[in-house]
Structures are given as C-alpha cells and as structure tokens.
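Asker: Make a model of this:
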Amino acid sequence: MFALIAVGCFVMTFDGGTLFESSVLAATDVATRKASVAGAPAPMPAWDAFRPLVVTTGVVMAVGAVLTLLAARCGRTIAAFVVAATMISTLPNVAAGLEAVASYRGVMPIALTIAAAAGPSDVVAHEGPIENSGALEWYGGRRPVIVDGRRSVLGFGATRADAAGTFWDAVRLEEAWAGSGRVWLVTLRPPSRSVVDRLRGAQLVAEAGGRRLYVNR
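Answerer: Purely as a prediction, here's the structure:
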C-alpha cells in the first residue's frame, strides 16, 4: 500500500496538478465536487501550494514501504511500529494541506472589506447557500440576505414564517439593485452562472478566497 501511494504521489508530481484535482480532491473534497457540478472552477489554491506536500508524502511512503518490508522479517511488532511511524509522519503534510485550502477558501478578506466600506443602511447579499461562507456575518458585522440559497444544507430555515426577509430570489435582488440604496453581493459563482450577469452596473470591488464582491454604486 505504501509503495502504491508513493508511485501515485510521484506520478502526480510531474502531472502539473491535473491528476491531483481530478482524483484526490474530486474523491475527498465536497466543495470540489459541488464546483464541478456547477461548472465552476475548483475552489482550491494553485498546484504549487500542494506540490511540495505531495513530493514529501511520496518520499515518506517510499521509505516506509522499504522499511516495512525489512521490518517484517524481524517480527510483527517491529513491522507494526514502522507502519504506524510511516502513517504518523504524513500528518504534518495533511495539516499543511488543510491549512492551505482553508486559508484560500476563507471569507474573511471579503467580509472585512464589507465591514470597512458598507454603510449602516446598505444591503449585503450572499448568492448561494450560506454554509459556503458561514463566517461572512461574523467578520462582516452584519447578517446577509441569501439569494438563491434555498437548496442548501441549512435550507430548512427558508420554510419558517419569518424567513421571507432573509431568503431572496433573483428578481427581488434585481429590484433592490436598481433601487436608491447601495447593495453588496458576495458570490462564488462565475459571472456566466451568477445573477451578476443580470445586474446593471455591477462593479467588482474585491476578489479573494474564490469569491467576488460586487456593489451597485
């Protein structure tokens, strides 16, 4: 098993990241699968962020495979120790990979922009399920309205009697966008699949964490 993982890591190292995204992330990361279904790019850092981790893991696994083979001749106890040590040695790479993805996908930069620039009467809207940007309210200092977010893990909230002011459809956003007030929109969707394509005068304010922030004026 260690030898197969090592070979896989070395193959992915020289693949430019395509195989890593299509095989590893597509199998283990829900956000990547959702983006694929939606026709959006995978919400992940550039391959350069993962390449050193994949190389290191491949080396650890290759060494572990050789040592396990040698240790097996000395008894099960030593072999089990080598197997455990090899697996534990990969944990720092796992943690580094998770940190890279979490930092890239974080909504904090967009939310802080809203907190600094949005006025008290401005409307902040989030396109799509709110669990995709759960910390937006925390860092932005205000609760966003949710546009086209009823199909969601948290979509049951849309069925409540008091949810009308929180869950908007695209038409309602367009009306607010064309009104006299200022409206901010946070979206993870590409313009061709976003309501932004229908909003006149949408100005791109910031782009971070796979998200775009627009304002109507």
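Asker: Export only the CA atoms of the longest helix along the chain, formatted as CSV.
Answerer: In the chain, taking DSSP state H as the definition, the longest helix is helix 51-72. What follows is helix 51-72, C-alpha atoms only, in CSV (Å, rounded to 0.1, in the frame of the first residue of the first chain):
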residue,chain,number,x,y,z
ARG,A,51,3.3,20.0,-4.9
PRO,A,52,5.9,20.1,-2.1
LEU,A,53,3.4,18.2,0.2
VAL,A,54,2.8,15.6,-2.5
VAL,A,55,6.6,15.1,-3.1
THR,A,56,7.3,14.8,0.7
THR,A,57,4.5,12.3,1.1
GLY,A,58,5.8,10.3,-1.8
VAL,A,59,9.3,10.1,-0.2
VAL,A,60,7.9,9.2,3.2
MET,A,61,5.8,6.5,1.7
ALA,A,62,8.6,5.1,-0.4
VAL,A,63,10.9,4.9,2.7
GLY,A,64,8.1,3.4,4.7
ALA,A,65,7.5,0.7,2.1
VAL,A,66,11.2,-0.3,2.2
LEU,A,67,11.4,-0.2,6.0
THR,A,68,8.2,-2.2,6.4
LEU,A,69,9.5,-4.9,4.1
LEU,A,70,12.7,-5.1,6.1
ALA,A,71,10.9,-4.9,9.5
ALA,A,72,8.5,-7.7,8.6
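Asker: Show me which positions of it end up buried.
Answerer: Using 16 or more other Cβ atoms under 10 Å as the test for burial, helix 51-72 gives 51, 53-54, 56-58, 60-62, 64-65, 67-68, 71. Glycine gets a C-beta too; all of them are placed from N, C-alpha and C.
Asker: Go through those residues and say which is closest to residue 199.
Answerer: Distance to residue 199 across the buried residues of helix 51-72 (Cβ to Cβ) is lowest for residue 51, with 38.2 Å.
Asker: wait, isn't the closest one in contact with residue 13?
Answerer: Yes: between residue 51 and residue 13 there is a contact at 6.5 Å, judged by Cβ atoms under 8 Å.
Asker: Which residues does the longest helix of the chain contact?
Answerer: Helix 51-72 has contacts (Cβ atoms under 8 Å, 6 or more residues apart in numbering) with 2-3, 5-6, 8-10, 12-13, 17, 20, 78-79, 81-83, 85-87, 89-90, 93, 96-97.
Asker: just to revisit the earlier point, which members of the buried residues of helix 51-72 are the farthest-apart pair?
Answerer: The widest separation within those (Cβ to Cβ) is 30.0 Å, between 51 and 71.
Asker: picking up where we left off before, show me what the helix or strand just after the longest helix of the chain packs onto, helices and strands only.
Answerer: Next helix or strand after helix 51-72 toward the C-terminus (DSSP states H and E): helix 76-89. Judged by 3 or more Cβ pairs under 8 Å, 6 or more residues apart in numbering; DSSP states H and E, helix 76-89 is in contact with helix 51-72.
Asker: could you give me the average pLDDT of the helix it packs on?
Answerer: Across helix 51-72, pLDDT averages out at 94.
Asker: Could you tell me the angle between the longest helix of the chain and helix 76-89?
Answerer: Relative orientation of helix 51-72 and helix 76-89, computed by axes from the mean of the first three to the mean of the last three Cα atoms, to 10 degrees: 180 degrees.
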